[in-house]
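A.B. asks: A structural model of the following input is requested.
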Amino acid sequence: MADTAWNKPETELIGERYNLMVDRISRIASECLVPEKYQDYFAKGAAFLLKTIEIYEKKQDGRLAQRTLEECQRDQADLYAHIAPENYGASYANPAYAAEKLGREAGQLLSLLCSEMESCIAWAFRGRQTELTLFLELFVQVYNALEEDDLKEAKDTVYWFFHDYSEVFLENIIHDMICPEENFFVDIIMNADLDDLRYLYSYGLPVSENDLAIARFLGTLPQEEIQAMADTYTEGYRIGFENAGIDLSKKRTAELDFPIGFERMMRAAIGNLRELGLAATVDREPVSSFENKGSYKQGIYSTSVNRQYDFDHREDKAYYFDKAFVERYLEVQRTVFEQHREEALVYAGPAVVEVFGEAPFSPENKDAAIHYDEEQQKLNVYFTSERSATVYKYISAEESSFTIIAYPTPEIGAQFEEIFAETVKVNTLDYKKYQTIQQRLIDVLDGAERVHIVGCGDNHTDLTVAIRPLEDPAKQTAFENCVADVNIPVGEVFTSPVLTGTNGVLHVTEVFLNGLQYRNLEVVFKDGMIDSYSCTNFDSEEENRKYMKDNVLMHHETLPMGEFAIGTNTTAYRMARTYQIQEKMPILIAEKTGPHFAVGDTCYPREEEIERKNPDGKSIVAKENEVSVLRSEDPSKAYFNCHTDITIPYNELGAITAVYPDGSTADIIRDGLFRVEGTEELNGPLLEQ
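C.D. replies: Model prediction:
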């Protein structure tokens, strides 16, 4: 059954346009009339699109569901061959190859177009004729322009495509997020035969051996273990609302983000959510530059076919990104949310499953890839802020919550099953025990004027963090006692630092942030703001700075330190050391395995006015800083819409010391061990050999 195009009927006109495109692309495949230098590109592009058309036709008449596993895998190999690592060097999807063969200007345009055509896979599998037709038309229109060798017209065609169809794209994005009816992905999760791995090929996502292996593995677990995993996940979600004092009974939908292969757990989770009165929504990872393809995993996603390809195209939006596009996008976004005001009001928030196990990835920077220029970077900061403001207007941060949990996947190595079992253990640690231990840390940290953090060995961190003073220590605290609710697993106390007086060097010898590897990452803070930054991934300092500005500072000139935290999950740290997977741990778990420092927003963006209390009843007062306090006069100056945690592992840590107004001190950690009375149990895993 085809996925319903909920926002527009499948009109006769669209059918006519689709048939015209099928005919035109068939002729392009056999008789290219463009100048010779473009013929190979368009012949290959047309052949690819004919394959997506074949998928769509099979979807329409039911043959897609009847494919054998071998046919599923053959179709996939055909669809993704051009971006597979072994073929990428001579693929037009590779900006460097496209520029070499077609010239820089044409190469950038046509490499972008090649990447955008991947959207046709998604829409073909969903049986969505309208969206498929739009992308087929884009290909043909660019071909028509280049028939006359008119590169300017071809560029204009791409530019106006994303302006003209903003309504279609945004309606799909927002609908899939907040409207549960006729959800294509939920239908697969709840109704597919999960013992028949062909179901993985019905999403329209690339399916790797890793994805197949996790599905097989979960299929071997008893149902009670699957249910326990789902219970941990949804109970964390429920407790997040309870702890924030939000009435979950007023909500009707919850968004699920997870990797394919986890359907057994998600089916059980959807059942749990239904008992809470919530219907599930699921969208899919971005497939177009319009959605920031290549920048992050979101919705239902799979293992990347080629992470270098993702990296090469992560800023393709720069090709058409200007003030007119931004204003058009924001106008349409407001209109679509207004049309779905009621659905947005009862949207509860996302429940996220992350996975880890991929080898660290340090990308190659390609000059031929499309990049934001300096003016676009500034515009993107404005765009991100305004886009987020619209979302929060309709989905109040004060009335929504989330949860995140992580599991390893088989690509982590031969000890996968042991690591998986250990991760389940880490995710289900006794939060009451940690709550008590973490309160001991908070009792020592509260009242400190500042905290001094120093590294050891090759780590040259020397950083002082200023702490919010308490007006009424009997009723107030500067640190949140974080246990397993929204942020699974347990294990941290955190605060929003005072920026003035927060100074020094943060250094980590190696860290893995948002899917990218950084070597010798260093950030220098001056009064809480990033003053300078560097890493040693590339040969030139210019490349290293650009890499960090794009992917850590998110194009901002500077960012504040939004969070200082001390991780207490030494069990997770020992797991990482025992199995030698430190560099593969996700931020979600890694941040619990040492002190960490977030650059960007505080831990409470747009929630500053909500009273939050620790389990001991004390109000958390350190929820803003000198930047976020500007929200009343200009929200665009208060929020950065990013929050990236950088963790120093225990083995690179010399000491964390609380310094009080009278000059006295108290060690929290020294020589890699916790020193506060009542926290000795945390040292057991640290002392294991």
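A.B. asks: neighbours of residue 224, how many?
C.D. replies: 8 (other CB atoms under 10 Å). For glycine as for every other residue, the C-beta is placed from the backbone atoms N, C-alpha and C.
A.B. asks: distance check, it against residue 425.
C.D. replies: 16 Å (CB to CB, to the nearest Å).
A.B. asks: starting at the chain centroid, how far to the longest helix seen in the chain?
C.D. replies: The longest helix of the chain (DSSP state H) is helix 36-61. The chain centre lies 30 Å from the centre of helix 36-61; the measure is CA atoms, centre = their mean, to the nearest Å.
A.B. asks: which residue ranges of the stretch 551-689 of the chain form helices?
C.D. replies: 570-578, 587-590, 635-638, 683-687 (DSSP state H, counting those that start in this stretch).
A.B. asks: am I right that residue 545 is in contact with residue 534?
C.D. replies: Yes - when contacts are counted by CB atoms under 8 Å, residue 545 is listed as touching residue 534 (6.6 Å).
A.B. asks: SS state for residue 205?
C.D. replies: coil (DSSP: H, G, I helix; E, B strand; the rest coil).
A.B. asks: just give the nearest non-adjacent residue to it, would you?
C.D. replies: Spatial nearest neighbour of residue 205, excluding adjacent residues (CB to CB, 6 or more residues apart in numbering): residue 302 at 4.2 Å.
A.B. asks: and the one you found, how close does it get to residue 211?
C.D. replies: Residue 302 is 5 Å from residue 211, by CB to CB.
A.B. asks: looking at the two, which has the bigger crowd around it?
C.D. replies: Between residue 302 and residue 211, residue 211 has the larger neighbour count (other CB under 10 Å), namely 25 against 20.
A.B. asks: that one contacts residue 263, doesn't it?
C.D. replies: No - counting by CB under 8 Å, residue 211 stays clear of residue 263, with 10.8 Å between them.
A.B. asks: rank the helices of the stretch 551-689 of the chain by pLDDT, which is bottom?
C.D. replies: Per-stretch mean pLDDT for the helices of the stretch 551-689 of the chain is lowest at helix 635-638 (a mean of 82).
A.B. asks: who's in contact with that one?
C.D. replies: Residues outside helix 635-638 that contact it (CB atoms under 8 Å, 6 or more residues apart in numbering): 382, 385-386, 389, 627-631.
A.B. asks: select only the buried ones of these in ChimeraX?
C.D. replies: In ChimeraX syntax, the buried subset of the contacts of helix 635-638 is picked out as below (16 or more other CB atoms under 10 Å):
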select :385,386,627,628,631
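A.B. asks: for the lowest-mean-pLDDT helix or strand in the chain, buried residues please.
C.D. replies: Ranking every helix and strand in the chain by mean pLDDT, DSSP states H and E puts helix 635-638 at the bottom, with a mean of 82. By neighbour count on 16+ other CB under 10 Å, the buried set for helix 635-638 is 635, 638.
A.B. asks: chain center to it: distance?
C.D. replies: On CA atoms, centre = their mean, the centre of helix 635-638 falls 23 Å from that of its chain.
A.B. asks: same question for stretch 543-554.
C.D. replies: With CA atoms, centre = their mean, you get 17 Å for stretch 543-554.
A.B. asks: how about stretch 21-32?
C.D. replies: Worked out by CA atoms, centre = their mean, stretch 21-32 lies 38 Å from the chain centre.
A.B. asks: please apply the same query to stretch 372-390.
C.D. replies: Worked out by CA atoms, centre = their mean, stretch 372-390 lies 18 Å from the chain centre.
A.B. asks: mean confidence for it?
C.D. replies: Rounded mean pLDDT across stretch 372-390 is 91.
A.B. asks: give me the contacts around that stretch.
C.D. replies: 315, 318, 321-323, 326, 329-330, 333-334, 337, 554-556, 635-636, 639-641.
A.B. asks: among these, the buried ones, what's the ChimeraX command?
C.D. replies: A single ChimeraX command is used to select the members of the contacts of stretch 372-390 judged buried by 16+ other CB under 10 Å:
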select :315,318,321,326,329,330,333,337,554,555,556,635,639,640,641
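A.B. asks: start and end of stretch 605-622, how far apart?
C.D. replies: 12 Å (CA to CA, to the nearest Å).
A.B. asks: output the longest strand belonging to this structure.
C.D. replies: Identified as the longest strand of the chain according to DSSP state E is strand 498-513.
A.B. asks: neighbouring strands of it in the sheet, and parallel or not?
C.D. replies: strand 462-466 (antiparallel), strand 516-526 (antiparallel) (DSSP bridges).
A.B. asks: about what we covered before: need phi/psi at the residue nearest to residue 205.
C.D. replies: phi -130, psi 170 (degrees, to the nearest 10).
A.B. asks: my guess is it meets residue 259, correct?
C.D. replies: Yes - look at residue 302 against residue 259 with CB under 8 Å: they come within range, at 6.4 Å.
A.B. asks: overlap in contacts, these two.
C.D. replies: What both residue 302 and residue 259 touch, as defined by CB under 8 Å, 6+ apart, is the set residue 211.
A.B. asks: next, the buried residues of stretch 222-239.
C.D. replies: 226-230, 232-239.
A.B. asks: now do it: distance to the chain's middle.
C.D. replies: With CA atoms, centre = their mean, you get 22 Å for stretch 222-239.
A.B. asks: which residues does it contact?
C.D. replies: 218, 248, 254, 264-266, 268-269, 271-273, 276, 351, 353, 401-403, 405, 407, 424, 427-428, 484-486, 488.
A.B. asks: among these, which ones are buried?
C.D. replies: 218, 248, 254, 264-266, 268-269, 272-273, 276, 351, 353, 401-403, 405, 407, 427-428, 484-486, 488.
A.B. asks: distance of the residue nearest to residue 205 from residue 201?
C.D. replies: Residue 302 is 11 Å from residue 201, by CB to CB.
A.B. asks: before we move on, the earlier item: tell me the contacts of the residue nearest to residue 205?
C.D. replies: 203, 205-208, 211, 259-260, 285.
A.B. asks: top of those by neighbour count?
C.D. replies: residue 260 leads these on contacts (other CB under 10 Å) with 28 neighbours.
A.B. asks: quick one, what contacts it?
C.D. replies: 200, 203, 205, 207, 211, 215, 300-302.
A.B. asks: distance to residue 526 and pLDDT for those residues - can I get that in CSV?
C.D. replies: Shown next, in CSV, are the contacts of residue 260 (distance: CB to CB, whole Å; pLDDT from 0 to 100):
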residue, distance to residue 526, pLDDT
200, 50, 98
203, 48, 97
205, 45, 97
207, 48, 97
211, 45, 97
215, 49, 98
300, 42, 97
301, 38, 96
302, 42, 96
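A.B. asks: make sure residue 92 is indeed in a helix.
C.D. replies: No - going by three-state DSSP, the assignment for residue 92 is coil, not a helix.
A.B. asks: what strand or helix carries residue 435?
C.D. replies: Assigned by DSSP states H and E, residue 435 belongs to helix 431-445.
A.B. asks: same question for that helix, mean pLDDT?
C.D. replies: Helix 431-445 comes out at a mean pLDDT of 94.
A.B. asks: which other helices and strands contact it?
C.D. replies: strand 480-482, strand 492-495, strand 665-670 (3 or more CB pairs under 8 Å, 6 or more residues apart in numbering; DSSP states H and E).
A.B. asks: kindly compare burial across these and name the winner.
C.D. replies: strand 492-495 (a mean of 26; mean count of other CB atoms under 10 Å).
A.B. asks: how far does it sit from the chain's center?
C.D. replies: Using CA atoms, centre = their mean, the offset of strand 492-495 from its chain centre is 22 Å.
A.B. asks: returning to what we had before: can you redo the helices of the stretch 551-689 of the chain as JSON lines with distance to residue 40?
C.D. replies: Formatted as JSON lines, the helices of the stretch 551-689 of the chain follow (distance: least, CB to CB, whole Å):
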{"stretch": "helix 570-578", "distance to residue 40": "47"}
{"stretch": "helix 587-590", "distance to residue 40": "42"}
{"stretch": "helix 635-638", "distance to residue 40": "47"}
{"stretch": "helix 683-687", "distance to residue 40": "58"}
